[in-house]
Every structure is written in structure tokens, then in C-alpha cells.
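Trainee: turn this into a structure:
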Amino acid sequence: MSRLVVVSNRVAVPDSKGVAGGLAVALREAFEAYPGLWFGWSGKVAAQPATHPRIVDKGRIQYALMDLTSIDRQEYYSGFANRALWPTMHYRIGLADFSRSDYAGYLRVNRTFAAALARLVRPDDLIWVHDYHLIPLAAELRALGITNRIGYFHHIPWPAPEVFATLPGSTQLLRAVMSYDLVGVHTERDADNVRRGLLQEVGASIVKGDMLELGERRTRIKGFPIGIDLARFEAAAERSSTHRLVRQTMASLGSRQLIIGVDRLDYSKGIPERMESFERFLVSNPDQRGRVTYLQIAPTSRSEVPEYATLSRAVNDTLGRINGSLGEPGWVPIHYVTSTYPRPVLAGLYRLAKVGLVTPIRDGMNLVAKEYVAAQDPADPGVLILSKFAGAAQQLTDALIVNPNDKFEVAEAINVALHMSLEERINRWSGMMKTLKAQDVSWWASAYLNALKVQT
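Mentor: The predicted structure is shown next:
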């Protein structure tokens, strides 16, 4: 049978503790249906550039690991991918730092990956490329004579054409998009942005529906909202009271209600703005001081990128000001933790929380919103407050949908959530669970791969 060849920036090789998180969880379902090869960066830096991957066999899956040099890592990953593409894709044009050398490094690493991967590809392989680090990969593979079906999935937002066009090199990247047979994004809003960019910036034309044509190439652009492994997450939440940290949190809360936020520390997540919204809630509702606690979990990431160090200082300054001005003996308004917790522990903390506060400034999907809903006690569920700019808001319409830039609106939503009747909470939760069951991670993987196999 055909193999599934997955390509991603980082390769998640499972260790003795089980499958890694992130993309590995989402792709586990796909690899159960196909024997596979997973190709990408090992996460290691080497003195010399790699031309051939290191192969690791794990059951039905082969892992092909490429090391990068320090200059590759700087230019391809820290530079163009995370200091130019990432902010532009998240509508933060002012934070985008474009460098010609970084862009050249980004193209060079994609070319190196393509050359190494081309040697491993078999004629009937399905190739599935993931995320913004690897947009040019299909074009490089086509240049090497690879004619296989190649799909791309974009896990972050795709901005409006006038935003993406501000980035030097964006026209070349759009042309590269047309080397894929299928481009998947989380929402139809993002799919429309990709299509409009291709029409306006590179002269593609619509064949029919979501199919575009440029020269001899035809590419389908479609929304595939990613889901979670619902059954496993529900089961983890039900068993979560056995975890020490969950029990300790429950004991420390006493009669106080818990509000939770879980995010990677990134300026797209709106963590300082969320803290200030909670501050506004406490100022507007002084009777709630000492009766509610906000726990923000935010593991640090990309610490080598200057904008993230600036963000970390801003979060700590905001946290200190709010806790200093509103805290009382025996009660701290906001608990801020930068540790990374395993999914079973997070499931338990979600289940304890009366409010899930998911208010990114911009997000492709945001699976925390879905995990929070899945973790709830069906007899006494909490309330999800969700940013209108998260892809999940297109599906979870029974959440309290807010504008994360409006601190008064978010503060009022917190108040509404904490005082919502049990009947309304159950009704809202039930509606969202129907969506999560209908479009879980298994549905996402099979829907995408079935669409990729269809010849255009």
C-alpha cells in the first residue's frame, strides 16, 4: 500500500514514555492507517550541513532526521520563519523583521531538505508537508522531478492578501504554494485569504469552487479544522484526580473558583491583555476579590528571539503590578507558571476550572479551547470564554465569544461565566461537545488525506 510521508520542521520521535505531544498526537491517527516516513529537523545543531538524514525505525514508522548548522538554524528557523513569517501571519506587521540573508537561509534549508527527501520518496508515496517553515518545499521537490501527490497543511493563520504582501518574498512564496496539490488551513476565512492572495498577487485563476490554476498547476485550497483525540482526553480528565498536582491545586483553592489560561508564551496569545482584563473584572466586581483565582500556565519558547524576551518582561511587569495592587494577605489574584505539564495533569486542571479563558489576539485554531471543553464534568461543566480571532471560534459558537482587545468586554464575560446557571452551562457544553465528536483528530486526518488522494 502507499506510504504516508510526513514532513515537518521538527520530527517527534517517540521515546520510552510514549508518543510526543503536538503534531505527533494529531498525526498518530494518520500513521495508523498508513505505513509511514516522518522527515524533518532533528532539533540538533551540527558543525557541518547534513546531506543525508539519520534513519530511526519505530514500528510502522521510519523517522528521517536532518541536523542543521548553527547558521541554518539562525537564518531559516529563528530568522525568517519566526521573525518574519510568524508575525506577518499573525497580523503583527510591526514586529516583522525581514533580512535578505535570513530569507536566503530559509530557501536554502528547504532546498537541502528537498534534495535529501527526494532520495527517499517512492513513486506511490503520499507526501504531507506541515507548516510555515516549509512553504517552498513542494516547489523544490517538483524541480527535482517529484511528481507525487503533495499536500500542505498550514497550522497558523493565513492573513489577508494586503497583510501578507507587506512581507518581501511573499510573491515567491505564493507561487510556491501552487506546487502543492492540496493546501489545507483551519478555517474557510483563512482559505479565502490564501485564494485571494493567489488571485491578486500571482495571477492564478479559479477553475471551480476551491480549485485554482496557475500555468499547468492546479491547487485546491480548503479548510480542514483540526480536532483533538477526544476519547483519550475525556478519559484523562476523568482519571485526573489521582495526580498529585491536581489534588494540591484542589486543596489550595478551597471555596475559591478557578479561572485557567494555558498558552505557549507568545505575543499572539494576548497574555498581558488577558491579565489586564482579569484586573478589570476584579476592579468592577470588588466582591469577587478573594473568591476567585486566575491560573495562567505559559511555558516559555523561542527565548533566542528578542521579541519573546520583551514579551516575558511585559508579562512579569503586568503580573507584578496586578498582584501588588489587588492582592491581599492569603490571596494572590494571578498565579503564573512557566512549567510544562503533561496532558493528563492539564486535563485535571481544566476540569477544576469554572472558566477557561482562551483569548488569543490571533490563532490558527487553538486546541486548548477544545481540550478545556473535553475535560469538563458533564454534570457540572465550566464555561469557555473564547477570542473571536481564534479559528476555534468558527466551530465552538456556544462559547462566550469576545474581542480580546476589549478588556471591558472580556471582564464582563468573566462575570457572566462565573454566574451562569447550571442549565445554560450544560446546554452550551453539550453543543460544543457535538462539534468536537463530529470533527475529532481522526476525522481531520482522514478528511485531509482522502482529499489529497483525489486527482485534480
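
Trainee: for the rest of this, base every contact and every neighbour count on C-alpha atoms.
Mentor: Noted.

Trainee: dump the C-alpha coordinates for stretch 374-389 into PDB.
Mentor: Extracted C-alpha coordinates of stretch 374-389, given in PDB (Å, rounded to 0.1, in the frame of the first residue of the first chain):
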ATOM      1  CA  ALA A 374     -13.500  18.000  26.500                       C
ATOM      2  CA  ALA A 375     -12.200  17.900  30.100                       C
ATOM      3  CA  GLN A 376     -15.400  19.200  31.700                       C
ATOM      4  CA  ASP A 377     -17.600  17.200  34.100                       C
ATOM      5  CA  PRO A 378     -20.800  16.700  32.100                       C
ATOM      6  CA  ALA A 379     -22.900  17.200  35.200                       C
ATOM      7  CA  ASP A 380     -21.200  20.500  36.200                       C
ATOM      8  CA  PRO A 381     -19.300  21.900  33.200                       C
ATOM      9  CA  GLY A 382     -17.300  25.100  33.200                       C
ATOM     10  CA  VAL A 383     -17.700  28.000  30.700                       C
ATOM     11  CA  LEU A 384     -15.400  28.700  27.800                       C
ATOM     12  CA  ILE A 385     -14.500  32.300  27.000                       C
ATOM     13  CA  LEU A 386     -13.100  32.400  23.500                       C
ATOM     14  CA  SER A 387     -11.500  35.000  21.300                       C
ATOM     15  CA  LYS A 388     -13.300  35.700  18.100                       C
ATOM     16  CA  PHE A 389      -9.900  35.700  16.400                       C
END
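
Trainee: list the buried residues in stretch 234-247.
Mentor: If you call a residue buried by 16 or more other CA atoms under 10 Å, then stretch 234-247 has these buried ones: 234, 236, 237, 238, 240, 241, 245, 246.

Trainee: distance between the ends of that stretch?
Mentor: 18 Å (CA to CA, to the nearest Å).

Trainee: can you pull out the low-pLDDT segments for the stretch 1-150 of the chain?
Mentor: 15-22 (pLDDT under 70).

Trainee: mind listing the strands for the stretch 51-200 of the chain?
Mentor: 54-58, 61-68, 126-130, 150-153, 182-185 (DSSP state E, counting those that start in this stretch).

Trainee: CSV please, covering these and showing mean neighbour count and distance to residue 84.
Mentor: Output for the strands of the stretch 51-200 of the chain, formatted as CSV (neighbours: other CA atoms under 10 Å; distance: least, CA to CA, whole Å):
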stretch, mean neighbour count, distance to residue 84
strand 54-58, 13, 30
strand 61-68, 22, 20
strand 126-130, 23, 18
strand 150-153, 25, 19
strand 182-185, 26, 20
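
Trainee: in a markdown table, list those strands along with distance to residue 74.
Mentor: Converted to a markdown table, these look like this (distance: least, CA to CA, whole Å):
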| stretch | distance to residue 74 |
| --- | --- |
| strand 54-58 | 22 |
| strand 61-68 | 10 |
| strand 126-130 | 20 |
| strand 150-153 | 24 |
| strand 182-185 | 27 |
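
Trainee: tell me which of the ones you listed lies nearest to residue 120.
Mentor: Residue 120 lies closest, by CA to CA, to one member of the strands of the stretch 51-200 of the chain: strand 61-68, at 9.3 Å.

Trainee: one step back: now for the buried residues of stretch 234-247, which pair is the farthest apart?
Mentor: Using CA to CA, those reach their maximum pairwise distance at 234 and 245, which is 18.3 Å.

Trainee: what ranges in the stretch 301-450 of the chain fall below the confidence cut-off?
Mentor: 303.

Trainee: mind doing that once more with 80?
Mentor: For the stretch 301-450 of the chain, applying pLDDT under 80 flags the ranges 301-306.

Trainee: which residues in it form helices?
Mentor: 306-326, 343-352, 367-374, 407-418, 422-438, 441-453 (DSSP state H, counting those that start in this stretch).

Trainee: mind putting those helices into CSV with distance to residue 3 and mean neighbour count?
Mentor: Formatted as CSV, the helices of the stretch 301-450 of the chain follow (distance: least, CA to CA, whole Å; neighbours: other CA atoms under 10 Å):
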stretch, distance to residue 3, mean neighbour count
helix 306-326, 39, 15
helix 343-352, 30, 25
helix 367-374, 28, 25
helix 407-418, 47, 20
helix 422-438, 27, 16
helix 441-453, 12, 18
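
Trainee: all the strands of the stretch 201-350 of the chain, residue numbers only.
Mentor: Going by DSSP E, counting those that start in this stretch, the stretch 201-350 of the chain shows strands at 205-208, 211-214, 217-223, 257-262, 292-297, 334-337.

Trainee: turn these into CSV, including mean neighbour count and distance to residue 447.
Mentor: Formatted as CSV, these follow (neighbours: other CA under 10 Å; distance: least, CA to CA, whole Å):
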stretch, mean neighbour count, distance to residue 447
strand 205-208, 14, 20
strand 211-214, 18, 17
strand 217-223, 21, 10
strand 257-262, 23, 28
strand 292-297, 20, 32
strand 334-337, 16, 37
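
Trainee: nearest to residue 314, of those?
Mentor: strand 334-337 (13.1 Å).

Trainee: helices or strands up against that closest one?
Mentor: Where contact means 3 or more CA pairs under 8 Å, 6 or more residues apart in numbering; DSSP states H and E, strand 334-337 is packed against strand 292-297, helix 306-326.

Trainee: centre of the chain to the longest one, how far?
Mentor: A distance of 23 Å separates the centroid of the chain from that of helix 306-326, by CA atoms, centre = their mean, to the nearest Å.

Trainee: I'd like to know how far residue 36 sits from residue 442.
Mentor: 16 Å.

Trainee: the strand ranked longest in the chain to strand 126-130, inter-axis angle?
Mentor: The strand that spans the most residues within the chain, counting by DSSP state E, is strand 36-45. Per axes from the mean of the first three to the mean of the last three CA atoms, to 10 degrees, the angle that strand 36-45 makes with strand 126-130 is 30 degrees.

Trainee: what's strand 36-45 packed up against?
Mentor: Short answer (3+ CA pairs under 8 Å, 6+ apart): strand 36-45 packs on strand 4-10, strand 61-68.

Trainee: let me know how buried the nearest residue in space to residue 406 that is not next to it in sequence is, in neighbour terms.
Mentor: By the measure of CA to CA, 6 or more residues apart in numbering, the closest residue to residue 406 outside its immediate chain neighbours is residue 277, 8.0 Å from it. Using other CA atoms under 10 Å, residue 277 has 23 neighbouring residues.

Trainee: if we can go back for a sec, which one of the helices and strands packed on strand 334-337 lies closest to residue 30?
Mentor: strand 292-297 (29.9 Å).

Trainee: partners of that closest one, with directions?
Mentor: strand 257-262 (parallel), strand 334-337 (parallel) (DSSP bridges).
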